[in-house]
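> Pasted the sequence and its predicted model underneath.
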Amino acid sequence: MKTLLIRKVTADVKNGVKDCLMNLLYRKQDLLDFFKSSNLTQSDLRDVDVNDTKSRMIDVMFLNLSKRSDNGATQFKSVIENIVDWTDFGSHWFQNGSLDPKEAKTSIERLKKILGEKTEKDLEIQEIKERQLRLKKQQDKKLAFQSLNNDFVELCKMAEHTQKRGYKLEKLLVALFDYFDIEVYKSFKLLGEQIDGSFKFDGQNYTFEAKWQDQVSAVNSLYAFTMKIETNNLYPRGIFLSINGYSSEAVEIITKNKKPNLLLFDSLDLIAVLEERISLSDLLHHKIRYAQSKGGNIYINASKLLEGKMYE
């Protein structure tokens, strides 16, 4: 069995179909019966008259199909499939010389060539190639992601080069969000000592800020960031990443009586994602759910989350 791929009914296709019908069917009634067996409706066959020539009957049928909203694509497919599957070359009209079986077969081959027909073997080969290409893309993407983990390890060794480290962290975060197909609205950019940006997740807009500083220095930045998102109507939620974490006192103060519109991340979260222990999307999802179910507790230890103890 062959699988026919009909991409578009062009003038060449119509001419090919007409040639085949003229060479396969001798009697006009047989042509009309063929149309009906190809699931053409009364509307499709309006004004198709056996008192006309076969050529005229075919042209009228084409005209009727062209009036359909899809230009009769489904009906053309049925007609063409019946032509391509034709095997009766030993009928009375072929035997008595009224029809030429060689010319009929040649016209079918011409139509197949016009259509660019593919056999099941062709399709199998094509699917194998496409599967191999998808696999290679996945492997390349995985290798690129694994290199991000190596990049972060190198970043941790650059304590004396803060500006250079900031630029590399910016590139790493951009690649990380891109890898997980999280839509970034405002590109992550290094501004002074911090990385700013914004993204969309689960239909919500988030302001993002990242800093590589000690726990004490992160406190003031955290307060300022909290005020920023509370006064931003367009991006009323925020993600703050402090590579070196936060003091317990700062987290307690900042979360007290606060709505769960701010989430805190640290290097443990980043490492968990880079080591492929959890996806960035799942991490965001669980942190959001935890904050909402725990009365605004916006900071959860990454290891506790991965152990499944976050709701205990």
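Cool, got the structure.
> From now on I want contacts and neighbour counts done on CA atoms only, so please keep to that.
OK.
> Specify the residue positioned farthest from the middle of this protein.
N96 (57.1 Å; C-alpha atoms, centre = their mean).
> Quick check: which helices or strands does whichever strand or helix holds Q126 pack against?
Per DSSP states H and E: Q126 is located in helix 120-155. Judged by 3 or more C-alpha pairs under 8 Å, 6 or more residues apart in numbering; DSSP states H and E, helix 120-155 is in contact with helix 162-179, helix 267-274.
> tell me the average confidence for that helix?
What helix 120-155 shows for mean pLDDT is 83.
> Ranking the helices and strands packed on helix 120-155 by mean neighbour count, which comes first?
helix 267-274 (a mean of 18; mean count of other C-alpha atoms under 10 Å).
> contacting residues around that one?
For helix 267-274, the surrounding residues in contact (C-alpha atoms under 8 Å, 6 or more residues apart in numbering) are 145-146, 148-149, 241-245, 278-280, 283, 301-303.
> Looking at the spatially most central residue of the chain now. What's its pLDDT?
By C-alpha atoms, centre = their mean, the chain has its centre lying nearest to D181, at 10.5 Å. Note on D181: pLDDT of 91.
> Domain-wise, how is the chain divided?
Domain assignment for the chain by automatic domain parsing gives 11-117, 139-306.
> Please identify which of those domains is closest to I128.
Among the domains of the chain, domain 139-306 comes nearest to I128, with 16.3 Å by C-alpha to C-alpha.
> if we can go back for a sec, can you put the helices and strands packed on helix 120-155 in JSON lines and add distance to D202?
Putting the helices and strands packed on helix 120-155 into JSON lines (distance: least, C-alpha to C-alpha, whole Å) gives the following:
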{"stretch": "helix 162-179", "distance to D202": "14"}
{"stretch": "helix 267-274", "distance to D202": "19"}
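> between these, which gets the lowest average pLDDT?
Of all the helices and strands packed on helix 120-155, mean pLDDT reaches its minimum on helix 162-179 (a mean of 88).
> So which residues make contact with that one?
By C-alpha under 8 Å, 6+ apart, helix 162-179 touches 141, 145, 148, 151-152, 155, 158-159, 183-184, 187-190, 193-195, 212, 280.
> ok, now with 6 Å
The contact list for helix 162-179 (C-alpha atoms under 6 Å, 6 or more residues apart in numbering) reads L155.
> I298 and V17: what is the separation?
From I298 across to V17, the span is 68 Å (C-alpha to C-alpha, to the nearest Å).
> Can you pull the poorly scored residue ranges out of the stretch 201-312 of the chain?
214-218, 256-260, 295-296, 309-312 (pLDDT under 70).
> Swap in 50 and give it another go.
Scanning the stretch 201-312 of the chain for pLDDT under 50 picks out the ranges 311.
> What ranges does it have for its strands?
Remark: strands assigned in the stretch 201-312 of the chain by DSSP state E, counting those that start in this stretch are 204-211, 237-242, 262-265.
> Against which helices or strands is the last one packed?
It refers to strand 262-265. Judged by 3 or more C-alpha pairs under 6 Å, 6 or more residues apart in numbering; DSSP states H and E, strand 262-265 is in contact with strand 237-242.
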